[in-house]
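J.: With the input below, show me the fold.
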Amino acid sequence: MFKNFFDKFKNKDNEEIEEKEELEKQEEEKSGLEEEDLNKSSEKETEKIVEETVEVVEEVNQEEIVTEEKESFFNRLKKGLTKTRDNISNKIDTILASYQKVDEELFEEIEDTLISADVGVDSTMQIIDELTERVKLERIKDPKEVKSLLISIMKQKLAEAVPNNDLDTSKSPTIILVVGVNGVGKTTTIGKMAAKLKQQDKKVMLVAADTFRAAAIEQLTEWANRAEVDIISHKEGADPASVVFDGIASAKSKNVDVLICDTAGRLHNKKNLMNELNKIHRVVEREYPEAKKETLLVVDGTTGQNAIFQAKEFKEVADLTGVVITKLDGTAKGGVVFPLEIELGLPVKLIGVGEQIDNLMEFDSDNFVDAIFN
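T.: Numbering: from 1, shown residues only. Predicted coordinates:
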């Protein structure tokens, strides 16, 4: 009897112990799960923080790269325009420093400086008239304040004359006809354009249609090899329009994005030049109607007013869409940009400020004015 009684209590104790152990086990499991959830949550939070940090770092790095590229671009532009800056900005600084007040003589000296830098008579008069009016309107008395106003007006005049300077090759296909007299750097410009477009993942082809200039075909072929792009050429003296015809046919078959044609380089006979260009244009219109068309004139920046004369002559015989100014790093006559745009209404699309491929730059009027004044 007592044995059964004690066994009963013993079993009850065992049950309580087992129940207690079970509860402890459940608590441990629950605690373990909570700790695991906490660890997972912590891991996710850490991953999120790391991802956000990486994104921020990448954004900062990208912004730094873009800023460095902009600075590098402007510094190269500024360096390339050193002679023009010396001829304009430094002279104007000297003039302004020598005056105690703003008067008519001050404006005349600024006018002479701009004309001597090949800004052009008409363009200079427009700039000086605007400057005189604004100085009176804003009641400027200190000569030192005139420079910032002059810079603003020069930017404004360029922007009003030509709202868009972009050489847009985003549409495929695009055909670019390049004209210009011998010696201005036409072939080199085409080669650099091809190399830059190739770097932008464009499929580029060259056409050697300036068939009457000695060694033109060989020079363009050399540039095609350097840029690693295809070139279509005939023998020296061949019909330029026929070469362009073959170039278009090849460009179509190879799905070329940009076709650049080196065309007429003679100005001594305007009638023949006009006939030659018209013939090429007819071939382009008939065989390549879907292509976006550009006709660029290349002029040598070192020739100053002679470049303006060439632009006027070519504008009469060709439907120019823009101008490329080469060799600006070797001249103090960078002011030639102003009459090209303000007087002739021709967009300056590219400028050359050095020998390297990346020294052929897209033209930006604000950056250009800043580079010749600051």
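J.: got a list of what Phe74 touches?
T.: Going by C-beta atoms under 8 Å, 6 or more residues apart in numbering, Phe74 touches Asn367, Asp370, Ala371. In this view, the C-beta of every residue, glycine as well, is placed from N, C-alpha and C.
J.: Which strand or helix spans it?
T.: For Phe74, the element it lies in under DSSP states H and E is helix 2-80.
J.: Repeat that for Ala264.
T.: For Ala264, there is no host helix or strand (DSSP H and E).
J.: so it makes contact with Met274?
T.: No: using C-beta atoms under 8 Å, Ala264 makes no contact with Met274, being 9.3 Å away.
J.: Enumerate the strands of the stretch 151-300 of the chain by residue range, in sequence order.
T.: 174-179, 204-208, 230-233, 258-262, 292-300 (DSSP state E, counting those that start in this stretch).
J.: can I assume Gln100 sits in a strand?
T.: No: counting by DSSP: H, G, I helix; E, B strand; the rest coil, Gln100 is not found in a strand; it is coil.
J.: check contacts around it.
T.: Pro143.
J.: switch to 10 Å and redo it
T.: Residues near Gln100 by C-beta atoms under 10 Å, 6 or more residues apart in numbering: Leu106, Lys141, Asp142, Pro143.
J.: which of the residues you listed tops the neighbour count?
T.: Tallying neighbours with other C-beta atoms under 10 Å puts Leu106 at the head of the contacts of Gln100, with 20 neighbours.
J.: mind checking which helix or strand it is in?
T.: Going by DSSP H and E, Leu106 is in helix 104-116.
J.: for the stretch 1-150 of the chain, which spans come out with low pLDDT?
T.: Applying pLDDT under 70 to the stretch 1-150 of the chain flags the ranges 1-71, 73.
J.: Repeat that for the stretch 251-374 of the chain.
T.: Counting by pLDDT under 70, the ranges of the stretch 251-374 of the chain that qualify are 265-270.
J.: if we can go back for a sec, export the strands of the stretch 151-300 of the chain as CSV, with columns for mean neighbour count and distance to Lys196.
T.: Below are those laid out as CSV (neighbours: other C-beta atoms under 10 Å; distance: least, C-beta to C-beta, whole Å):
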stretch, mean neighbour count, distance to Lys196
strand 174-179, 25, 12
strand 204-208, 27, 9
strand 230-233, 20, 16
strand 258-262, 28, 10
strand 292-300, 22, 14
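J.: follow-up on the earlier one: helix or strand right after the helix holding Phe74?
T.: Going down the chain from helix 2-80, the next helix or strand is helix 82-97, by DSSP H and E.
J.: quick one: that next one to helix 104-116, angle?
T.: Here helix 82-97 points in a direction 170 degrees away from that of helix 104-116 (axes from the mean of the first three to the mean of the last three C-alpha atoms, to 10 degrees).
J.: for helix 82-97, packing partners?
T.: helix 104-116, helix 146-161, helix 365-373 (3 or more C-beta pairs under 10 Å, 6 or more residues apart in numbering; DSSP states H and E).
J.: Out of those helices, which is closest to Ile232?
T.: Ile232 lies closest to helix 365-373 among these, at 34.7 Å (C-beta to C-beta).
J.: one step back: of all the helices and strands packed on helix 82-97, which one is nearest Leu197?
T.: Of all those, it is helix 365-373 that lies closest to Leu197, at 21.2 Å by C-beta to C-beta.
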